[in-house]
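> sequence plus predicted model, see below.
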Amino acid sequence: MPTYVYFFLALAALIIGYFTYGVLVEKLFGVKEDRPTPVCKYEDSVDYVKLTPKKIFLIQLLNIAGLGPIFGPILGALYGPSALLWVVFGCIFVGAVHDFCTGMMSVRYDGKSIPDVVGYNLGNGIKAVMQVFTVIMLILVGVVFVAGPAGLLAKITGLNLMFWVVAVFVYYILATLLPIDKIIGRFYPFFGIFLAFMAVGLIVGLFCSDYTVLNESFLRPAVHPEGLPIWPMVFITIACGAVSGFHATQSTMMSRCITSERYGRRIFYGAMIAEGVIALIWVTLGMSVYPTPEALSEVMGPSGNAALVVEDVSFKLLGSVGGAMAVLGVIVLPITSGDTAFRSARLIMADAFNFSQKKIMPRLILALPIFAVAIALNCVDFSVLWRYFGWGNQTLAAIVLWASAVYMLKREKFHWIASLPAMFMTAVSVAYICMEPKLGFNLGAEAANVIAVVFSAACMFLMLMFGKKKALPDFD
């Protein structure tokens, strides 16, 4: 069978997953089309703004699809076929479920931010931890998504890197402070054009080129040039595009704009599937433009700079003009995640301090310290920030999945669609932090895996024993 068939099989699986498992998840969760959504009750022309389903879908997709579904899959290509499998099955059974449950729970909880959503289900202690943890992670996301696009813009324009860093920060400040329909709602359709050109243009360019789609050297197990293990590395490396805790902060923001619960699957589950397609394209590009994993690794250099691959692939497949437009499509993704990362951080702090955001001054008071910390972190090495983001991202996903499982357990719904992915992601995060030599505890693989399995099993036991008994506010 020709190797390019694997790409089409993976693409078909993602699409079929939306129309089958997505429908099942929607049915098990239970959509109430006649229930008033948060924007119907609290419209304020700032954060609670009625938007069309198409616009919300586009905003959600651009919000969640930062550098993760590009850089992560490029790095994940070094792990061979497991990368393709994780993008497909992770997206359908873990990531899209995570995003759908998060968005719909927030809709049920009057558009509350993710710390409140988690707190309602796992307790006030976890809520307090989540408020600090989530804001820190969102600031990290914002900083990571300043350096990446600014570096790419500097390369294709020839202008100074610092100029683009300042320009990106200025845009982020405006997008954080102004009503969501003034900047984000108006600019995102144009950003979407670049995104579509990047995704479609590059994959069409690949199939029209002389490159072999999915080189056989990548389709062998254990192909990583440095011998890194698939477990748990591939599940941390490919976060966005398979499952990402960062998405929980974005889904709750869009829950304030949705006008009916019947759009939930299309917006939350559907946007994750669309991001999975982007991740699939970049895994395929990494495995096709370069003949071997060693050749791909060599382009990225010792620091693993996936941005070099983005530039190289874009210009090889589409030439100077098309390549520049494709790079702009890549740049759009982190920018449209960075702006809403800072906006989400402001909303979480506003919810925590019960601070009305109708007027500009309260928004400015909360935004100033956020951006002060972000500017300071911009001086930290990018690779260090990315490692912390990768682990924090998947840990947040595990916590949110547990909250989703408790939500369904308490309402006597089929919680396994959330609890089994929660158990899996918990094992991934614990194994990684126990095994990682620089970021974590540098334990051996055997010890790390035993701890991970025991800890995730303990979490499942505690949920089944006490999750249903916990007194929770019932917004249903």
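Good, I have the coordinates. Computed from a predicted structure; not experimentally measured.

> only C-alpha atoms for contact and neighbour calcs from this point on.
OK.

> which residues touch stretch 102-115?
Applying CA atoms under 8 Å, 6 or more residues apart in numbering, the contact partners of stretch 102-115 are 37-38, 117, 127-128, 130-131, 134, 248-249, 251-256, 261, 264, 268, 344, 347-348, 351, 400, 404, 475-476.

> how long is it from one end to the other?
Start-to-end span of stretch 102-115 (CA to CA, to the nearest Å) is 11 Å.

> likewise stretch 11-28?
25 Å.

> pretty sure Ala345 sits against Val141.
No: between Ala345 and Val141 there is no contact under CA atoms under 8 Å: 10.4 Å.

> and Pro225, what does it touch?
Leu78, Pro293, Glu294, Ser297.

> at 6 Å what do you get?
Glu294 (CA atoms under 6 Å, 6 or more residues apart in numbering).

> now swap in Gly245 and tell me
Applying CA under 6 Å, 6+ apart to Gly245 gives the contacts Asn393, Gln394, Leu396, Ala397.

> what's the burial count for the last one?
Spelled out, that is Ala397. As a burial measure, Ala397 scores 28 neighbours (other CA atoms under 10 Å).

> likewise Gly142?
Neighbours of Gly142 (other CA under 10 Å): 30.

> isn't it right up against Gly338?
Yes: counting by CA atoms under 6 Å, Gly142 touches Gly338, with 4.4 Å between them.

> shaky segments in the stretch 251-400 of the chain?
Applying pLDDT under 70 to the stretch 251-400 of the chain flags the ranges 380-387.

> can you read off the pLDDT for Ala196?
At Ala196, the model reports a pLDDT of 80.

> that one is in what secondary structure piece?
helix 184-207 (DSSP states H and E).

> could you give the mean pLDDT of the helix or strand following that helix?
Using DSSP H and E, the helix or strand that follows helix 184-207 in sequence is helix 230-237. The average pLDDT for helix 230-237 rounds to 92.

> keeping just the C-alphas, turn the helix or strand following helix 230-237 into CSV.
Scanning forward in sequence from helix 230-237 by DSSP H and E, the next helix or strand is helix 246-254. This file holds the C-alpha atoms of helix 246-254, laid out as CSV (Å, rounded to 0.1, in the frame of the first residue of the first chain):
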residue,chain,number,x,y,z
PHE,A,246,-4.8,25.5,27.4
HIS,A,247,-8.0,24.9,25.4
ALA,A,248,-10.0,24.9,28.6
THR,A,249,-9.2,28.6,29.2
GLN,A,250,-10.4,29.4,25.6
SER,A,251,-13.5,27.3,25.6
THR,A,252,-14.8,29.0,28.7
MET,A,253,-14.2,32.4,27.0
MET,A,254,-16.3,31.4,24.0
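
> by contact count, what packs against helix 246-254?
helix 96-108 (3 or more CA pairs under 6 Å, 6 or more residues apart in numbering; DSSP states H and E).

> buried residues in the helix it packs on?
96-108 (16 or more other CA atoms under 10 Å).

> now the angle between helix 96-108 and the one helix or strand Gly119 maps to, please.
Assigned by DSSP H and E, Gly119 belongs to helix 114-122. Interaxial angle, helix 114-122 versus helix 96-108 (axes from the mean of the first three to the mean of the last three CA atoms, to 10 degrees): 90 degrees.

> could the contacts of Gly245 go into a markdown table alongside distance to Val87?
Below are the contacts of Gly245 laid out as a markdown table (distance: CA to CA, whole Å):
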| residue | distance to Val87 |
| --- | --- |
| Asn393 | 16 |
| Gln394 | 14 |
| Leu396 | 19 |
| Ala397 | 15 |
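
> most surrounded residue in those residues?
Ala397 (28 neighbours).

> ok, then the element right after the helix holding Gly119?
Downstream of helix 114-122, the next assigned helix or strand under DSSP H and E is helix 124-157.

> quick check: buried residues in that next one?
In helix 124-157, counting by 16+ other CA under 10 Å, buried: 126-127, 130-131, 134-154.

> now, of the contacts of stretch 102-115, which are buried?
37-38, 117, 127, 130-131, 134, 248-249, 251-256, 261, 264, 268, 344, 347-348, 351, 400, 404.

> Asn442: which of the buried residues of helix 96-108 is nearest?
Among these, His98 lies closest to Asn442 (CA to CA), at 29.4 Å.

> how near is the nearest residue to the closest one once chain neighbours are set aside to Cys101?
Of all residues not flanking His98 in the chain, Leu401 sits nearest, at 6.0 Å (CA to CA, 6 or more residues apart in numbering). For Leu401, the distance to Cys101 (CA to CA) stands at 8 Å.

> where's Leu462 relative to Lys468, distance?
10 Å.

> counting neighbours, go ahead and name the busier of those two.
Per other CA under 10 Å, whichever of Leu462 and Lys468 has more neighbours is Lys468, with 17 against 11.

> which residues are in contact with the closest residue to Trp86 other than its chain neighbours?
Leaving aside its chain neighbours, Trp86 sits nearest to Ala242 (6.6 Å; criterion: CA to CA, 6+ apart). With contact taken as CA under 6 Å, 6+ apart, Ala242 is in contact with Val87, Gly90, Cys91, Gly95.

> so where's the stretch 51-200 of the chain uncertain?
Going by pLDDT under 70, which is the cut-off in play, the stretch 51-200 of the chain has no low-confidence ranges.
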